[in-house]
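*Asks:* Give me a model of this one.
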Amino acid sequence: MKEGWQIKTLDELCEIFGRIGYRGYTKNDLVSTPEEGAITLSPTNIIDGELHYDKCSYITWEKYEESPEIMVFEGDIVLVKTASIGKCALVRNLPHKATLNPQFVVLKKLKANNQYLTYFLQSPIAQKKFQEYAIGTAIPTFSQKKLGTLEVPVPPLSEQQRIVNLLDAEFAKIDTLKASAERNLQNAKDLFCSIQTKVLENKSWKRYTLDDVCNLITDGTHRTPQYLQQGIPFLSVKNITGGFLDLDDTKFISEREHKELIKRCKPEKGDVLYSKVGTTGVAQLIDTDKEFSIFVSLALLKVKQEIIKNTLLVKILNSPYVREQAKKRTRGTANKNFVISDIKAVEVLIPPYNEQEVIEQTIDTYWSKVSSLQANYEKTIALCDDLKQALLGKAFNGEL
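*Replies:* Purely as a prediction, here's the structure:
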């Protein structure tokens, strides 16, 4: 500990408020515009440690005024204690009267530089403590009482301001670098989409529906099976939307239940999985002989390979013009569902069979180049985040 620094608990540095036991808002509490009510902040409003107000929800003035203790004002600090635990931000540039949803606590009447304390709460030292405080697995949370015991290194106010000034300056440089990398990453993605469109959206090719080019289109079981600690992998949407077939992070079912499920829906090597609930319209080739079963959120396509190579069909399904069809055909908003009848009706442009290998090689060549660019930009973005955490760690260990 540097000379002149003290260790104080968070309770000694502020007052912590939240709505204990409150379960949230009903539909009757919600309104559409700021004229009708107040902002209610949610964890999604915190991006990279800053509050953003462009996608806010609103509650009635009556509901807002019920809980003055969690009204939010300039200079307060908001911190998530449930689910996305540890996300926090300093309240500034508040465009409207605001309050918190039940996942938050708010820190008021601060006896330290508010930005200094915010940086500390975002530091690896505090974030590690939040994880230690958490109870529960499905929805982790921690108590306000536990939060109040958090120990904070507190230098004199002049030193707090010096650290804040230094971190502000360094973070501004890092943010500029990260923003540039994020723009370049999006440009690389847009470039590949334009290439896909140019190569695969050829109006001279024959038009088919997915039902025309598949021997079978079905989906996984509609009932939730009995899960086990080990057994046969049981896949859902999350297992194909990462860009590969993920058999590591799965649930498991018994072999007996698996054999019952595959009587109707049997995934096999060479088939195509297609997402139909939540994140819809993502295709992934089954490239393994390993047995597994699938949930209703996935469709199974058994491809007529005399018409279209299965690997090329995956590329076509993931191309912009087919993804747009999937988006338009997906039903619902909160519970998105791309039903089998609509999947069968999706239209695809299929090149002559003798041209398919060359077309696929062209796409693969472009993807190899673009994916290399994307990997570099993603690495830069990750390094920017790591650098911020390293600076925060040094700051609160007295090393800056």
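*Asks:* May I see the buried residues of stretch 199-208?
*Replies:* Val199, Leu200, Tyr208 (16 or more other Cβ atoms under 10 Å). Where you see a C-beta, it was placed from the backbone N, CA and C, and this is true even at glycine.
*Asks:* An error on my part: the question was meant for stretch 247-260.
*Replies:* Thr250, Lys251, Phe252, Ile253, Glu257, His258.
*Asks:* wait, what's in contact with the second one?
*Replies:* With Cβ atoms under 8 Å, 6 or more residues apart in numbering as the criterion, the residues that contact Lys251 are Tyr227, Pro233, Phe234, Ser236.
*Asks:* Now tabulate the residues you listed in a markdown table and tack on secondary structure and distance to Asp246.
*Replies:* Converted to a markdown table, the contacts of Lys251 look like this (DSSP: H, G, I helix; E, B strand; the rest coil; distance: Cβ to Cβ, whole Å):
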| residue | secondary structure | distance to Asp246 |
| --- | --- | --- |
| Tyr227 | coil | 17 |
| Pro233 | strand | 10 |
| Phe234 | strand | 12 |
| Ser236 | coil | 10 |
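*Asks:* can I get the residues you listed in TSV with neighbour count and pLDDT?
*Replies:* Shown next, in TSV, are these (neighbours: other Cβ atoms under 10 Å; pLDDT from 0 to 100):
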residue	neighbour count	pLDDT
Tyr227	12	95
Pro233	20	96
Phe234	23	97
Ser236	18	95
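*Asks:* quick revisit: I'd like to know which of the buried residues of stretch 199-208 is nearest to Thr288.
*Replies:* Closest approach to Thr288 among these (Cβ to Cβ): Leu200, at 25.8 Å.
*Asks:* Check the gap between the closest residue to the closest one other than its chain neighbours and Thr9 for me.
*Replies:* Distances taken as Cβ to Cβ, 6 or more residues apart in numbering put Ser319 closest to Leu200, at 4.8 Å, once the chain neighbours are dropped. Using Cβ to Cβ, to the nearest Å, one obtains 56 Å as the distance from Ser319 to Thr9.
*Asks:* So for the two, which residue has more residues nearby?
*Replies:* Shown here are Ser319 and Thr9; by other Cβ atoms under 10 Å, Ser319 has more neighbours (22 against 13).
*Asks:* how much space between the more buried one and Val237?
*Replies:* Here Ser319 is placed at a distance of 19 Å from Val237 (Cβ to Cβ).
*Asks:* Repeat that for Tyr377.
*Replies:* Counting by Cβ to Cβ, the gap from Tyr377 to Val237 is 26 Å.
*Asks:* now do Thr118
*Replies:* 36 Å.
*Asks:* if we can go back for a sec, out of the buried residues of stretch 247-260, which two are the most distant from each other?
*Replies:* Thr250 and Glu257 (14.2 Å).
*Asks:* returning to that earlier point: could the buried residues of stretch 199-208 be laid out in a markdown table, adding distance to Asn184, secondary structure and pLDDT?
*Replies:* Converted to a markdown table, those look like this (distance: Cβ to Cβ, whole Å; DSSP: H, G, I helix; E, B strand; the rest coil; pLDDT from 0 to 100):
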| residue | distance to Asn184 | secondary structure | pLDDT |
| --- | --- | --- | --- |
| Val199 | 23 | helix | 94 |
| Leu200 | 24 | helix | 95 |
| Tyr208 | 37 | strand | 97 |
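*Asks:* of those, closest to Ile59?
*Replies:* For the buried residues of stretch 199-208, the nearest to Ile59 is Leu200 (46.3 Å; Cβ to Cβ).
*Asks:* Could you pull up the residues touching the closest one?
*Replies:* Lys315, Ile316, Ser319, Tyr321, Leu349, Ile359, Ile363.
*Asks:* correct me, but Leu373 touches Ala188?
*Replies:* Yes: the pair Leu373 / Ala188 is scored as a contact, 4.6 Å apart, by Cβ atoms under 8 Å.
*Asks:* more crowded one of the two?
*Replies:* Applying other Cβ under 10 Å to Leu373 and Ala188 shows that Ala188 carries more neighbours, namely 20 against 16.
*Asks:* which secondary structure element contains the nearest residue to Ile77 once chain neighbours are set aside?
*Replies:* If the residues on either side of it in the chain are set aside, Ile77 comes closest to Leu107, at 4.1 Å by Cβ to Cβ, 6+ apart. Assigned by DSSP states H and E, Leu107 belongs to strand 104-108.
*Asks:* For that strand, name the packing helices and strands.
*Replies:* Contacts defined by 3 or more Cβ pairs under 8 Å, 6 or more residues apart in numbering; DSSP states H and E place strand 104-108 against strand 15-17, strand 77-80.
*Asks:* so how far is the helix or strand following it from its chain's centroid?
*Replies:* Per DSSP H and E, the first helix or strand lying C-terminal to strand 104-108 is helix 114-122. Distance of helix 114-122 from the chain centroid (Cα atoms, centre = their mean, to the nearest Å) equals 24 Å.
*Asks:* cool, and stretch 305-318?
*Replies:* 29 Å.
*Asks:* List the buried residues in it.
*Replies:* Ile308, Lys309, Asn310, Thr311, Leu312, Leu313, Val314, Lys315, Ile316, Leu317, Asn318.
*Asks:* can you check stretch 114-127 too?
*Replies:* For stretch 114-127, by 16+ other Cβ under 10 Å, it's 114-123, 125-127.
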